[in-house]
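Engineer: Compute the structure for the input listed below.
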Amino acid sequence: MTTPYETAYAESINDPESFWAKAAEDCHWYKKWDKVLDDSNKPFYRWFAGGELNTCYNALDLHVENGRGDQPAMIYDSPVTDTVKTYTYRELRDEVAKFADVLASQGVGKGDRVIVYMPMIPEAAMAMLACARIGAIHSVVFGGFAAKELATRINDAKPKVIVSASCGIEGKKVIAYKPLLDKAIEIADFKPESCIVYQRPMTTAELIAGRDVDWADAMASATPAECVPVAATDPLYILYTSGTTGQPKGVVRDNGGHLVALKWTMKAIYDIDAGDVFWAASDVGWVVGHSYIVYAPLFKGATTILFEGKPVGTPDAGVFWRIISQHKVKSQFTAPTAFRAIKREDPNAELMKNYDLSNFKILFLAGERSDPDTIQWSERNLKVPVIDHWWQTETGWAIAANCMGLHHYPVKYGSPTKAVPGWDLQVVDANCKPVAPGEIGALVVKLPLPPGTLPTLWQNDDRFIESYLDEFPGYYKTADAGYIDEEGYAYIMARTDDIINVAGHRLSTGAMEEVLADHPDVAECAVLGVEDKLKGQIPIGFLVLNAGVQRSNDGIIKEVVQMVRDRIGPVAAFKTATVVKRLPKTRSGKILRGTIQKIADNKEYGVPATIDDPTTLGEMEEALKGIGYASSRIA
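Structural biologist: Below you'll find the model as predicted:
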């Protein structure tokens, strides 16, 4: 018998225009599209060409008008400030409409850019939605980002206005934003006309006369702004992702395709209906925060949670369970790293026993490969399905997932299940030829990409083609390597540059990490290839142990080396590992493998702008020196 997933997938590939037109009927349009898919200017495909809509109207006003005005739209939960505040759809609409007027009073109109440089507070989401309300294009830059990196984004986006706050809170530290913002504007070639600053009680920012505007003062005299219709193909936002050249790539998201695809995913993938409570534990600075904190849950009429805190330390490793229990969360989406951190602090999930999790139905993980050990620990303790799914900043939503609103397939550990409807996912070799099921190759998506993905890069069509389309003509290059098995399950083994060549054998560092993560004393790990005169590259493992492990490091290292030998074979040449206190990561929890590799190979490296804690790089150097690598220096 055909499953609803199979039916949806077949239609989405064989007749994408019919499939997405039906999904679009669930949205509000001022003017219907002339063409579902405009392919007249390949490879620049455009969805819902000729259509007009407003993203903010679909997120807020529509629900107020349809009787959901008194339902919670957003719950702000901030253990770092001991604050919980709920906004109904009506309250959120009214605040957003007033801030849209504040932006308009600063000269912001349709097509203008606004940089949002804010912490995880409700005003960040309000600023994004207010931009959408008046047809402006927002570009969220992670609050507290270094001045130099912020300046490069100012130069590229050329914002008329920057919206910021006096400070953010990282764990127990208060980070003043205004000095970073002032420095960024000083070194940027392009200067914004004004800055709107939200003053938080922990720090008062000094405002520059003639340029800076106080958020509260401006809101006091604002009158609600109406929604401005925009073309479906107009940009909604720009989100920068660091490129290998160091020049950031501005991923563009359009209004129409984004609305249609994201609203559809809430039920199809996450099994969320209007009125359900959904929690994406991320940050608005990342794509997850855009797609699944601010936009998709509100499109659906669900309640979204905006969390200002960490999975551990605010105040303890039970904060996730407290929020799920207190707010009756049905489904959560977070990074595997968050659960590894919780597992490390509370290996037996003792803190979970303090909370009623009976409303919780599904956990979704994404951001890094979800190792089987983390998934199994979560399944065992939460007693709900734990779903790994795979996507990227560029795609905006999942390429592969267990689509829980369509059909729950059996989980295969190490796989994010099957390609989501809309995604013609294939595996090809270096010559762009399909490979057999089970054979590792480059994961690519046949064009056109579905709605909600990137139509191009901000003012850089050439780089869009060069970065994503040139290498495999007719396909989008994911830059991930992996395979698809006989049953259609995808396996994402590693970034294509994480496939290492050991004495002529192509091996996945991701497969080795899976083995290491299976050791009962290992909380998290990384494996990467370092240069070797004899074999070209050899793998080295880095292990972070669970809290309270009393055994000797040497014994654990011997055991993981043997495990790799047993499961992958001597061909892996895995003989070296070291125990470290923590791994260098980005703020979203991704391990900075490329930087670790440069340290190990004794190459110059820069401190990445997205790093969570730069002192981890020094710790990594010491660990590598201890096993005979690294005398590196920071560029």
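Engineer: need the helix or strand of this structure with the lowest average pLDDT.
Structural biologist: Between all helices and strands in the chain, the lowest mean by mean pLDDT, DSSP states H and E belongs to strand 505-508, at a mean of 68.
Engineer: where are the low-confidence patches of the chain?
Structural biologist: 242-246, 494-499, 503-506, 588, 630-635 (pLDDT under 70).
Engineer: if we can go back for a sec, show residues contacting the next helix or strand after the least confident helix or strand of the chain.
Structural biologist: Sequence-wise, the next helix or strand downstream of strand 505-508 (DSSP states H and E) is helix 509-517. Here helix 509-517 makes contact (CB atoms under 8 Å, 6 or more residues apart in numbering) with 369, 371-374, 414, 492-494, 498-500, 522, 524-529, 539, 541, 543, 560, 563-564, 567-568, 572, 574, 577, 593. C-beta here means a position set from N, CA and C on the backbone, and glycine is covered the same way.
Engineer: Could you list which of these belong to strands?
Structural biologist: Those of the contacts of helix 509-517 mapping onto strands are 492-494, 499-500, 522, 524-529, 539, 541, 543, 577, per DSSP state E.
Engineer: Give the ChimeraX command for selecting the buried subset of those.
Structural biologist: Listed next is the ChimeraX selection for buried residues among those, using 16 or more other CB atoms under 10 Å:
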select :492,493,494,499,500,522,524,525,526,527,528,529,539,541,543,577
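Engineer: The nearest residue to residue 200 once chain neighbours are set aside: neighbour count?
Structural biologist: Nearest residue to residue 200 in three dimensions, chain neighbours excluded: residue 166, at 5.0 Å (CB to CB, 6 or more residues apart in numbering). When neighbours are counted by other CB atoms under 10 Å, residue 166 registers 22.
Engineer: Thought residue 207 was touching residue 166, still the case?
Structural biologist: No - counting by CB atoms under 8 Å, residue 166 does not reach residue 207; the two are 9.6 Å apart.
Engineer: quick one: the helices in the stretch 401-550 of the chain?
Structural biologist: 461-464, 509-517 (DSSP state H, counting those that start in this stretch).
Engineer: Not counting the shortest one itself, show me its contacts.
Structural biologist: Residues lying outside helix 461-464 but in contact with it, judged by CB under 8 Å, 6+ apart, are 44, 243, 249, 454, 456-457.
Engineer: gap between it and the chain center?
Structural biologist: Distance of helix 461-464 from its chain centroid, counting by CA atoms, centre = their mean, to the nearest Å, is 22 Å.
Engineer: and it, which residues are buried?
Structural biologist: So, applying 16+ other CB under 10 Å, buried residues of helix 461-464: 463-464.
Engineer: Quick one: neighbours of the residue nearest to residue 402 when sequence neighbours are not counted, just the number.
Structural biologist: Leaving out its chain neighbours, the residue that sits closest to residue 402 by CB to CB, 6+ apart is residue 417, at 3.9 Å. For residue 417, the neighbour count with other CB under 10 Å is 25.
Engineer: I'd like the numbering to begin with 859 instead of 1 from here.
Structural biologist: Sounds good: first residue 859 from here, last item residue 1275.
Engineer: Now do residue 1275 against residue 1121, distance only.
Structural biologist: 21 Å (CB to CB, to the nearest Å).
Engineer: List the contacts of the residue nearest to residue 1260.
Structural biologist: Applying CB under 8 Å, 6+ apart, we find residue 1275 in contact with 1245-1247, 1258-1261, 1267, 1269, 1347-1348.
Engineer: Let me know the closest of these to residue 1341.
Structural biologist: Closest approach to residue 1341 among the contacts of residue 1275 (CB to CB): residue 1348, at 7.7 Å.
Engineer: ok, longest helix in the chain?
Structural biologist: helix 947-963 (DSSP state H).
Engineer: And it, what does it pack against?
Structural biologist: strand 930-936, helix 980-991, helix 1073-1078 (3 or more CB pairs under 8 Å, 6 or more residues apart in numbering; DSSP states H and E).
Engineer: Direction included, what does the helix or strand just after that helix pair up with?
Structural biologist: Elements were assigned by DSSP H and E; along the chain past helix 947-963, the next helix or strand is strand 971-975. Take DSSP bridges as the rule and strand 971-975 pairs in its sheet with strand 995-998 (parallel), strand 1019-1023 (parallel).
Engineer: Provide the angle between the direction of strand 971-975 and the direction of helix 947-963.
Structural biologist: 120 degrees (axes from the mean of the first three to the mean of the last three CA atoms, to 10 degrees).
Engineer: thinking again about what came up before, and the helices of the stretch 1259-1408 of the chain as TSV, adding distance to residue 1033?
Structural biologist: Below are the helices of the stretch 1259-1408 of the chain laid out as TSV (distance: least, CB to CB, whole Å):
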stretch	distance to residue 1033
helix 1319-1322	32
helix 1367-1375	32
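Engineer: so which of these gets nearest residue 1163?
Structural biologist: Using CB to CB, the helices of the stretch 1259-1408 of the chain put helix 1367-1375 closest to residue 1163, at 28.2 Å.
Engineer: Can you give me the first-to-last residue distance of stretch 1256-1272?
Structural biologist: With CA to CA, to the nearest Å as the measure, stretch 1256-1272 spans 16 Å from end to end.
Engineer: and the nearest residue to residue 1377 once chain neighbours are set aside, how many neighbours?
Structural biologist: Excluding the flanking residues, the one nearest residue 1377 by CB to CB, 6+ apart is residue 1418, at 5.3 Å. By other CB under 10 Å, the residues close to residue 1418 number 23.
Engineer: Residue 1418 contacts residue 1400, doesn't it?
Structural biologist: No - counting by CB under 8 Å, residue 1400 is not a contact partner of residue 1418; they are 10.8 Å apart.
Engineer: which neighbours do these two share?
Structural biologist: Common contacts of residue 1418 and residue 1400 (CB under 8 Å, 6+ apart): residue 1435.
Engineer: how's this structure carved up into domains?
Structural biologist: 862-1167+1247-1340, 1355-1484 (automatic domain parsing).
Engineer: Including distance to residue 1196, could these go into TSV?
Structural biologist: Converted to TSV, those look like this (distance: least, CB to CB, whole Å):
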stretch	distance to residue 1196
domain 862-1167+1247-1340	6
domain 1355-1484	7
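Engineer: right, so these: which one is the most enclosed?
Structural biologist: domain 862-1167+1247-1340 (a mean of 20; mean count of other CB atoms under 10 Å).
Engineer: Determine which residue lies closest to the centroid of the protein.
Structural biologist: residue 1146 (3.7 Å; CA atoms, centre = their mean).
Engineer: Tell me the secondary structure at that one.
Structural biologist: Under DSSP: H, G, I helix; E, B strand; the rest coil, residue 1146 falls in the helix class.
Engineer: quick one: contacts for the nearest residue to residue 1451 once chain neighbours are set aside?
Structural biologist: Distances taken as CB to CB, 6+ apart place residue 1386 nearest to residue 1451, at 5.1 Å, with adjacent residues excluded. Residue 1386 makes contact with 1356, 1358, 1367, 1397-1398, 1451, 1454-1455, 1458, according to CB under 8 Å, 6+ apart.
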